[in-house]
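1. Okay, here's the prediction I keep looking at, along with the sequence it came from:
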Amino acid sequence: MARVLRALWALPLRAAPGRSVWGRAAGCSLSSRARPRDAGSLTKPERALSESEWRKKLTPEQFYVTREKGTEPPFSGSYLDNKEPGMYHCVCCDSPLFSSEKKFCSGSGWPSFSEAHGAAGSDETNAGVLRRLDTSLGLARTEVVCKQCEAHLGHVFPDGPGPTGQRFCINSVALRFKPAQR
């Protein structure tokens, strides 16, 4: 696993259109970036949207990550250090994906969760995410996509905390946070 991580870090990051690639040295620290804009509501099923409709609905960075399977630079996401209670929703279709109760600081540079919302341990039947094999970098990884609209969210790795042992490594730009009602 360490070899895989070293290989991933050695790969160049592709910046989203109109955005430079930058990051922080290490750890989880506060980000000064603005949160992704509200994705709004859709008038037809999310999977039925055309590429041009997705481009109108999303920011260039959101489109790059969710529709083109991109990755935001590490330590740059607006939700990396968010510790507020609430729910993380899909920026494309607003489906609930991850609870703040399952969020942890992995030190990886992306928001990390030990379990998807709706999952019961290894049973993800009622979860808002799907897993898919991703061999795009010449190695086998597990991609995480939104079950409702198939937006690319990130990847899941088997090096998370107990009891699940999972680390859902998710791009902030693919999420919209809704604070818990107080």
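-> Received the coordinates, thanks. Computed from a predicted model, the values in this text were never measured in an experiment.
2. Now do the helices in the chain.
-> 2-10, 51-57, 60-66 (DSSP state H).
3. can you pull the contacts of residue 145?
-> Taking CB atoms under 8 Å, 6 or more residues apart in numbering, we find residue 145 in contact with 129, 130, 132, 151, 152, 153. The C-beta positions use only the backbone N, C-alpha and C, and glycine is treated the same way.
4. By mean pLDDT, flag the weakest helix or strand of the protein.
-> helix 2-10 (a mean of 45; mean pLDDT, DSSP states H and E).
5. ranges for the strands of the chain?
-> Under the criterion DSSP state E, the chain contains strands at 86-90, 96-99, 103-104, 112-113, 129-134, 141-146, 152-157, 167-170, 175-179.
6. Run the chain-centre distance for the first one.
-> For strand 86-90, the distance between its averaged C-alpha position and the chain's averaged C-alpha position is 11 Å (CA atoms, centre = their mean, to the nearest Å).
7. for that strand, which positions count as buried?
-> Neighbour counts over strand 86-90 (16 or more other CB atoms under 10 Å) mark 87, 88, 89, 90 as buried.
8. cool, and the fifth one?
-> Within strand 129-134, the residues scored as buried using 16+ other CB under 10 Å are 129, 134.
9. Name every strand pairing with it and say which way it goes.
-> When pairs are called by DSSP bridges, strand 129-134 turns out to pair with strand 141-146 (antiparallel).
10. what's the offset of the strand it pairs with from the middle of its chain?
-> Counting by CA atoms, centre = their mean, strand 141-146 is centred 9 Å from the centre of its parent chain.
11. next one: stretch 78-87
-> Averaging C-alpha positions (CA atoms, centre = their mean) puts stretch 78-87 13 Å from its chain's average.
12. mean confidence for that stretch?
-> Mean pLDDT, stretch 78-87: 96.
13. buried stuff in it?
-> Going by 16+ other CB under 10 Å, stretch 78-87 has these buried residues: 78, 79, 80, 82, 87.
14. The closest residue to the fourth one other than its chain neighbours and residue 62, how far apart?
-> In space, not counting the residues next to it along the chain, residue 82 is nearest to residue 177; the distance is 6.2 Å by CB to CB, 6 or more residues apart in numbering. For residue 177, the distance to residue 62 (CB to CB, to the nearest Å) stands at 14 Å.
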